[in-house]
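A.B. asks: Pasted the sequence and its predicted model underneath.
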Amino acid sequence: MNTNPTEPISESPIIIIVGTNRKNSMSRHIADYYHGIFEQLGVSSQVLDLSGLPPDFVTTALYENTGKNPEFNRYKEVVERAKKMVFIVPEYNNSYPGVLKAFIDGMSYPSGLANKKLALVGLSANHQGGALALSHLSDIFSYLGSNALALRVKLANIRNHWKEGALEGDLYNMLLRQQAQQLIDF
């Protein structure tokens with residue numbers, strides 16, 4: 001599994017984006033787990049963890065500095081080359097993380113995310129599973145011309161379901177596998 005945008009990526013993998021820059025996050029664990037689902041389905045995927053973004057990318061890679069930060073540009077190129085992506089989105093303050101919004105803002109406009117096929121997975125410590133975060137993010141992707149699957153998996157009370165490196169319970173596993181297959185077929 002390639003997690004570093006400086007390394008070459010395989011032919012047209014599905015990119016799984018960890019939607020936070022928090023180190024060793026639950027989102028990263030879920031992204032790795034989702035990668036395992038794709039492996040079981042015989043499909044190539046790559047995890048792209050936003051925790052590796054340059055800490056100053058908001059001031060060195062956006063707006064008048066577009067294209068000037070080589071480290072950010074490697075992330076941008078991986079996303080813009082991808083045809084299909086999964087966004088693992090933790091709920092922060094009843095929405096999605098600001099770093100994910102800034103990362104999206106760093107893509108080429110209007111074409112950087114246009115016509116991409118997306119799957120969205122929300123997770124939260126509470127009972128909503130990131131539903132509002134996914135709603136906000138869906139609006140952004142719709143505006144940018146991306147195509148998101150209707151099935152948005154919401155992993156509520158995530159810490160109660162994550163045991164020893166795996167999701168417990170048939171429902172969450174069934175939904176993630178169903179969503180992965182839908183994205184493959186999309």
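C.D. replies: Nice, I can see it.

A.B. asks: How about the secondary structure of the residue sitting nearest the centre point of the chain?
C.D. replies: Closest to where the C-alpha atoms of the chain average out (CA atoms, centre = their mean) is Phe87, at 2.3 Å. Look at Phe87: counting by DSSP: H, G, I helix; E, B strand; the rest coil, its state is strand.

A.B. asks: roughly how far apart are it and Glu168?
C.D. replies: Separation of Phe87 from Glu168 (CB to CB, to the nearest Å): 23 Å. No exception for glycine: its C-beta is placed from N, CA and C like everyone else's.

A.B. asks: What's the local residue count around the residue lying closest to Gln128 once chain neighbours are set aside?
C.D. replies: Distances taken as CB to CB, 6 or more residues apart in numbering place Ala156 nearest to Gln128, at 6.2 Å, with adjacent residues excluded. Ala156 is flanked by 18 other residues according to other CB atoms under 10 Å.

A.B. asks: Equivalent analysis for Asn147, please.
C.D. replies: Neighbours of Asn147 using other CB under 10 Å come to 13.

A.B. asks: Would you list the phi and psi of the residue of the chain positioned farthest from its centre?
C.D. replies: Here the centre of the chain is the reference, and by CA atoms, centre = their mean the most remote residue is Glu64, at 25.8 Å. Here is the backbone geometry of Glu64 (degrees, to the nearest 10): phi -70, psi -10.

A.B. asks: try the one 5 residues further on
C.D. replies: When read as degrees, to the nearest 10, the backbone of Asn69 gives phi -110, psi 100.

A.B. asks: Would you check how far apart it and Pro55 are?
C.D. replies: Using CB to CB, Asn69 is found at 11 Å from Pro55.

A.B. asks: These two: who's more crowded?
C.D. replies: Neighbours per residue (other CB under 10 Å) separate Asn69 from Pro55, with Asn69 holding more: 20 against 8.

A.B. asks: ok, now which ones touch the more buried one?
C.D. replies: Applying CB atoms under 8 Å, 6 or more residues apart in numbering, we find Asn69 in contact with Pro54, Phe57, Thr60, Ala61.

A.B. asks: If you rank those residues by neighbours, which is first?
C.D. replies: Ala61 (24 neighbours).

A.B. asks: Quick check, it in contact with Phe72.
C.D. replies: Yes: applying CB atoms under 8 Å as the test, Ala61 and Phe72 come out as touching, 3.7 Å apart.

A.B. asks: joint contacts of those two?
C.D. replies: Common contacts of Ala61 and Phe72, defined by CB under 8 Å, 6+ apart, comprise Pro54, Gly106.
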